[in-house]
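A.B. asks: no FASTA, just this:
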């Protein structure tokens, strides 16, 4: 059973760091996927076909994979504060500039550069959590900010739809241009705030009392000592666990990214809906994802199982999308789509928890980044949906294809040999 010092310290660390990571994660995904809402009008204004838009949405991930490892090594060497500030300022500036694309080439270029700018954030956040949270608390800590990906759609969807609707032609700009301008600016200001608020390591945490700080430092040191000896960052590419986890998550990301960037258009095809109605309906699947992520991550921490819970999420996601594609009633199709999309969002915290548990030191930084690099073939999802949509005229076959990838991800999760030892851990203090 946890001591009073443990309970107090973990709670202090959680409420100091996780809300800030949540806020950064929120805008990270808003600026990554808001192009899906822009497409409701941008595609027509600029003459983009489904394939052109799908390729532009996908090329983001070509840039995204290039700087994963270098970025995480910078976090390991320079600390999270400075490097996260650089990342925030860069992606905020580029996202804002997307308001002024004028053709397919400029669209592709800025999406690619945005991928470069955002490349380091998710791996950096996952690595940062390993500096602050003992193993038995990490899934909940990661879930605490990963749910921002869902909240970005819950809140961001209606906001984006409202901006596109009500600011259209304000000062001569389209509504989708205003959306990029207003949603790209906050990260630039947050870049300055993280320099003040974040602390690189527990040893520097003056906001913890001496007993709590000493307990945390000693606990993390014991966990690092119990891990295999520190290895070269280059050794991670030979580890079967790294490749298995990367391929698993890549299959999941094909569906996740496909849904994130096409969901507004998929929903709009289900009926005669306004852009504002689409924005509110798009908020329901991620709301289910938030509830699922919190429940699954806490249960996973409690029983010490990661891959079984992850497999269960992907099975539910696959069944939801497959059934949604095959039923004829649009309301039932929407409900099934909601649960399928929500289930895949619930799996994400477990991936990042596993990715940070294989190594320590610089090798841990490299492993988290490399797993994410391998997984980014999932960025083909948006392009794949666009091609299928252009070929068939509907999203039915696209949803069936995404469901198949979810089932493959579930199978890999069940078969892979990567599992932390079970550890009982009570819930964090509320």
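C.D. replies: Received it, and whenever you're ready, just let me know what you need. No experiment lies behind these values; they were computed from the predicted model shown.
A.B. asks: residues in contact with the nearest residue to residue 282 once chain neighbours are set aside?
C.D. replies: Spatial nearest neighbour of residue 282, chain neighbours left out: residue 157 (4.1 Å); criterion: C-beta to C-beta, 6 or more residues apart in numbering. (C-beta placed from N, C-alpha, C; glycine too.) By C-beta atoms under 8 Å, 6 or more residues apart in numbering, the contact set of residue 157 is 37, 264, 279-280, 282-283, 286.
A.B. asks: Now do residue 157, the pLDDT please.
C.D. replies: Here the pLDDT value assigned to residue 157 is 74.
A.B. asks: Report the buried residues of the host helix or strand of it.
C.D. replies: Per DSSP states H and E: residue 157 is located in helix 138-166. Within helix 138-166, the residues that count as buried by 16 or more other C-beta atoms under 10 Å are 138-164.
A.B. asks: Please flag which of the contacts of residue 157 sit within strands.
C.D. replies: Members of the contacts of residue 157 lying in strands (criterion: DSSP state E): none.
A.B. asks: Which one (most neighbours) among the residues you listed?
C.D. replies: Most neighbours among the contacts of residue 157, by other C-beta atoms under 10 Å: residue 37, with 31 neighbours.
A.B. asks: Pretty sure that residue sits against residue 161.
C.D. replies: Yes: Residue 37 is within contact range of residue 161, at 6.2 Å (criterion: C-beta atoms under 8 Å).
A.B. asks: any common contacting residues for those two?
C.D. replies: With contacts taken as C-beta under 8 Å, 6+ apart, residue 37 and residue 161 have 279, 282 as neighbours in common.
A.B. asks: just checking, what packs against the helix or strand harbouring residue 391?
C.D. replies: Per DSSP H and E: residue 391 is located in helix 380-392. Helix 380-392 makes packing contacts with helix 50-66, helix 240-269, helix 396-415 when contacts are defined by 3 or more C-beta pairs under 8 Å, 6 or more residues apart in numbering; DSSP states H and E.
A.B. asks: who wins for proximity to residue 105 among these?
C.D. replies: In terms of C-beta to C-beta, the element of these nearest to residue 105 is helix 50-66, at 9.8 Å.
A.B. asks: The helix or strand that the closest one is followed by - contacts with which helices or strands?
C.D. replies: Toward the C-terminus, helix 50-66 is succeeded by helix 68-78 as the next helix or strand (DSSP H and E). Judged by 3+ C-beta pairs under 8 Å, 6+ apart, helix 68-78 is in contact with helix 80-97, helix 121-132, helix 362-375.
A.B. asks: Averaged pLDDT, the shortest one. What do you get?
C.D. replies: Right, the one you point to is helix 121-132. Averaged across helix 121-132, the pLDDT comes to 83.
A.B. asks: what do you get for stretch 316-333?
C.D. replies: Summarised as a single mean, pLDDT over stretch 316-333 is 89.
A.B. asks: what does stretch 273-283 rub up against?
C.D. replies: Residues outside stretch 273-283 that contact it (C-beta under 8 Å, 6+ apart) are 37, 40-41, 153-155, 157-162, 164-165, 263-264, 267-268, 334.
A.B. asks: what's near enough to touch residue 93?
C.D. replies: Neighbouring residues of residue 93 by C-beta under 8 Å, 6+ apart: 117, 184, 188.
A.B. asks: just those residues now: which is nearest residue 251?
C.D. replies: Out of these, the member with the shortest distance to residue 251 (by C-beta to C-beta) is residue 117, at 25.8 Å.
A.B. asks: Which helix or strand contains the closest one?
C.D. replies: Assessed by DSSP H and E, residue 117 sits inside helix 104-118.
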